[in-house]
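In: coordinates only, sequence not included:
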């Protein structure tokens, strides 16, 4: 297993332990951990979408023009 995956698992195990100490219920702890994981994935997806919607660079615009592609100038 690579180092990044091992660190992620370790972080989740530690987080689960901290949640379990506060809830005294395995079921509640698991649901909270799942919610935290879902929230994290949602933030990551949102960040990727935001990055992919960034304006085109000058190099990208030149390449498009060279291909004869028309586009809005504020892109």
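Out: That came through, no problem. Because the structure is a prediction, the values reported are computed rather than measured. Numbering: from 1, shown residues only.

In: what's the model's confidence in the strand or helix carrying residue 42, averaged?
Out: Secondary-structure assignment from DSSP states H and E places residue 42 in helix 26-52. Helix 26-52 shows an average pLDDT of 91 in the prediction.

In: I'd like the numbering to begin with 2 instead of 1 from here.
Out: All right, first residue 2 from here; so that's helix 27-53.

In: C-terminal to that helix, what's the next element?
Out: Per DSSP H and E, the first helix or strand lying C-terminal to helix 27-53 is helix 59-68.

In: quick one: residue 20 from residue 60, how far?
Out: Plainly put, residue 20 is 47 Å away from residue 60 if you go by Cβ to Cβ, to the nearest Å. For the C-beta atoms, the positions are set from N, CA and C on the backbone; glycine is no exception.

In: and what of residue 45?
Out: Applying Cβ to Cβ, the value for residue 45 to residue 60 is 27 Å.

In: circling back to that earlier point, looking at residue 20 and residue 60, which is more packed in?
Out: Taking neighbours as other Cβ atoms under 10 Å, residue 20 and residue 60 compare with residue 20 leading, 17 against 8.

In: which residue, neighbours along the chain excluded, lies closest to the more buried one?
Out: Leaving aside its chain neighbours, residue 20 sits nearest to residue 30 (4.6 Å; criterion: Cβ to Cβ, 6 or more residues apart in numbering).

In: around that neighbour, how many other residues sit close by?
Out: Residues lying near residue 30 (other Cβ under 10 Å) number 19.

In: what sits against it?
Out: Residue 30 makes contact with 17, 20-21, 24, according to Cβ atoms under 8 Å, 6 or more residues apart in numbering.

In: nearest residue to the middle of this protein?
Out: residue 45 (1.4 Å; Cα atoms, centre = their mean).

In: so how far is residue 7 from that residue?
Out: For residue 45, the distance to residue 7 equals 19 Å [Cβ to Cβ].
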